[in-house]
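Asker: What shape does this take:
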Amino acid sequence: MGGPIPDLQVYALDSCQELVPVGISAEMCVGGAGLARGYLNRPELTAARFIPNPFSDETRCALYRSGDLARFLSDGVLNT
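Answerer: Residues are numbered from 1 along each chain as shown. Next up, the predicted model:
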């Protein structure tokens, strides 16, 4: 997919928003300082796609549910 973006993190999460083991496909979710706050004038879509980030202690920190399947390989590469 390319190189990492410094202020974003990518996770592969199952339907319970838990990290999956290396090699298992799951929904790709993105979080971090560079993440948008939501969709402009689309509160219903924002609520569906932007969820609280369970991996951050910061309030109002979100993850974006991409809807794409991805998996991490044993060398740390994200495979979509």
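
Asker: Quick check: the residue nearest the centre of the chain vs D7, distance?
Answerer: Residue closest to the average C-alpha location in the chain (CA atoms, centre = their mean): C29, at 1.5 Å. Going from C29 to D7 by CB to CB, to the nearest Å gives 15 Å. C-beta coordinates here come from the backbone N, C-alpha and C atoms, glycine included.

Asker: ok, now S15?
Answerer: For S15 relative to D7 (CB to CB), the value is 27 Å.

Asker: neighbour count winner among those two?
Answerer: D7 (10 against 7; other CB atoms under 10 Å).

Asker: Now do the contacts for that one.
Answerer: Counting by CB atoms under 8 Å, 6 or more residues apart in numbering, D7 makes contact with G32, A33, G34.

Asker: Highest neighbour count among those?
Answerer: G32 (17 neighbours).

Asker: Test my guess that that residue contacts L8.
Answerer: Yes - using CB atoms under 8 Å, G32 is in contact with L8, at 4.0 Å.

Asker: Now name the helix or strand holding the residue nearest to the centre of the chain.
Answerer: Secondary structure from DSSP states H and E places C29 in strand 26-32.

Asker: Which other helices and strands does that strand contact?
Answerer: strand 8-13, strand 62-72 (3 or more CB pairs under 8 Å, 6 or more residues apart in numbering; DSSP states H and E).

Asker: Out of the ones you listed, which is closest to L19?
Answerer: Nearest to L19 among those is strand 8-13; the distance by CB to CB comes to 6.3 Å.

Asker: relative to strand 26-32, how tilted is that closest one?
Answerer: If you take axes from the mean of the first three to the mean of the last three CA atoms, to 10 degrees, strand 8-13 sits at 150 degrees to strand 26-32.
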